[in-house]
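Enquirer: Need a 3D model of the sequence below.
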Amino acid sequence: MTGASKGIGRAIAYAFLREGANVALSARTQGELDRAVREGAALGGKPIAIVADVTREDDIRRIVDETIAGFGSIDVLVNNAGGIGAFAPFEELTLDDWRRLFELNVFSVAALIKAVLPIMRAQRSGRIINISSESALQPDAAMAHYNASKAALNSLTKSLSKAVGEDGILVNTVSPAFIKTPLIEEMLAGIGRSRGVDVAAAEAAFLRESRPNIVLKRAGTPEEVASAVVFLASSRASFITGTNVRVDGGSVAAV
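Expert: Okay, the predicted model is just below:
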């Protein structure tokens, strides 16, 4: 799985390891990745680390090759690596901002899928799970490039599910909303400092002002996202494909 060294990605990797799975964790930063593998090794299964940048085609090939060398097959691909890019209104975003974000959030996913499909087709089975966002369905006014990239990812998931279903490959999306990752915790701490309040008060203010549709009135946890991913990878989800599972606390207003 990609983007596995921290936040949602690390929680997903740990959840698979607790189930006894063998997991190839990939990320760009050696130190954080090594720490995740060390901690994960105590949970069960077998973790291996692959330092790679998913926007580089040679690194994508290496992720696949090293995973096959370590485990002999690839049964599940979790595309979690991604980014939000510049937090800016539309008119301030450059075309390079758009290109860079689509390269990371869409093109890298397509490239990884293309790399693993021959393996999954040969074994007549596989699961591909793409990590998207509530912003694909309920976009903010800002970050139009991010919102559009996640909408493209959802569409890619649906198209691919129709193309490979007869090969025994199931393809789904998991869309988190406001999840308390290290990035979000840092953001909330900054809000707290600017307003002279603690993190709990900053979180309450952010929910009230920016995420009023979350009916549970709290942030989600990476572990709650991970549970949905592991379910979709399990035998219990054998008749689910082309679906977007929202882990959003009720944030998306549509059914």
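
Enquirer: is it true that Ala151 touches Ala136?
Expert: Yes: between Ala151 and Ala136 a contact is recorded at 4.3 Å, counting by CB atoms under 8 Å. Any C-beta I mention is one placed from the backbone N, CA and C, and that applies to glycine too.

Enquirer: quick one, which of the two is more surrounded?
Expert: Ala136 (22 against 17; other CB atoms under 10 Å).

Enquirer: How about the contacts made by the more buried one?
Expert: 147, 150-151, 153-154, 175, 244 (CB atoms under 8 Å, 6 or more residues apart in numbering).

Enquirer: 7 Å instead, please
Expert: Ala136 makes contact with 147, 150-151, 153-154, 175, according to CB atoms under 7 Å, 6 or more residues apart in numbering.

Enquirer: now do Asp53
Expert: 28, 59.

Enquirer: gap between it and Gly3?
Expert: According to CB to CB, to the nearest Å, Asp53 stands 11 Å off from Gly3.

Enquirer: likewise Glu185?
Expert: The gap separating Glu185 from Gly3 is 17 Å, by CB to CB.

Enquirer: okay, the two: which has more neighbours?
Expert: The neighbour comparison of Glu185 against Gly3 (other CB under 10 Å) goes to Gly3, with 24 against 14.

Enquirer: Just give the nearest non-adjacent residue to the more buried one, would you?
Expert: The shortest distance from Gly3 to any residue other than its chain neighbours is 3.5 Å, reached at Ala81 (CB to CB, 6 or more residues apart in numbering).

Enquirer: do Arg195 as well
Expert: Ala202 (6.7 Å).

Enquirer: Same question for Ser125.
Expert: Gly168 (4.4 Å).

Enquirer: Same question for Leu216.
Expert: Per CB to CB, 6+ apart, closest to Leu216 is Gly249, 4.0 Å.

Enquirer: Now do the helices in the stretch 1-150 of the chain.
Expert: For the stretch 1-150 of the chain, the helices defined by DSSP state H, counting those that start in this stretch occupy 7-18, 30-41, 57-71, 95-102, 108-123, 144-164.

Enquirer: ok, now which ones touch the closest residue to Asn244 other than its chain neighbours?
Expert: Closest residue in space to Asn244, ignoring its immediate chain neighbours: Thr173 at 4.4 Å, by CB to CB, 6+ apart. Residues near Thr173 by CB under 7 Å, 6+ apart: 130, 132, 153-154, 157, 244-245.

Enquirer: In TSV: the residues you listed, plus neighbour count, pLDDT and distance to Arg121.
Expert: Formatted as TSV, those follow (neighbours: other CB atoms under 10 Å; pLDDT from 0 to 100; distance: CB to CB, whole Å):
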residue	neighbour count	pLDDT	distance to Arg121
Asn130	26	98	18
Ser132	26	98	24
Leu153	24	98	22
Asn154	17	98	23
Thr157	24	98	18
Asn244	18	98	24
Val245	19	98	24
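
Enquirer: Among those residues, which one lies nearest to Ser194?
Expert: Checking the contacts of Thr173 against Ser194 by CB to CB gives Ser132 as the nearest, at 29.8 Å.

Enquirer: tell me the phi and psi of the closest one?
Expert: phi -110, psi -140 (degrees, to the nearest 10).

Enquirer: pretty sure it contacts Pro176?
Expert: No: using CB atoms under 7 Å as the test, Ser132 is too far from Pro176 to be in contact (8.1 Å).

Enquirer: the strands in the stretch 151-255 of the chain, which residues?
Expert: 169-176, 244-247 (DSSP state E, counting those that start in this stretch).

Enquirer: relative orientation of the first one and helix 144-164 in degrees?
Expert: Counting by axes from the mean of the first three to the mean of the last three CA atoms, to 10 degrees, strand 169-176 lies at 160 degrees to helix 144-164.
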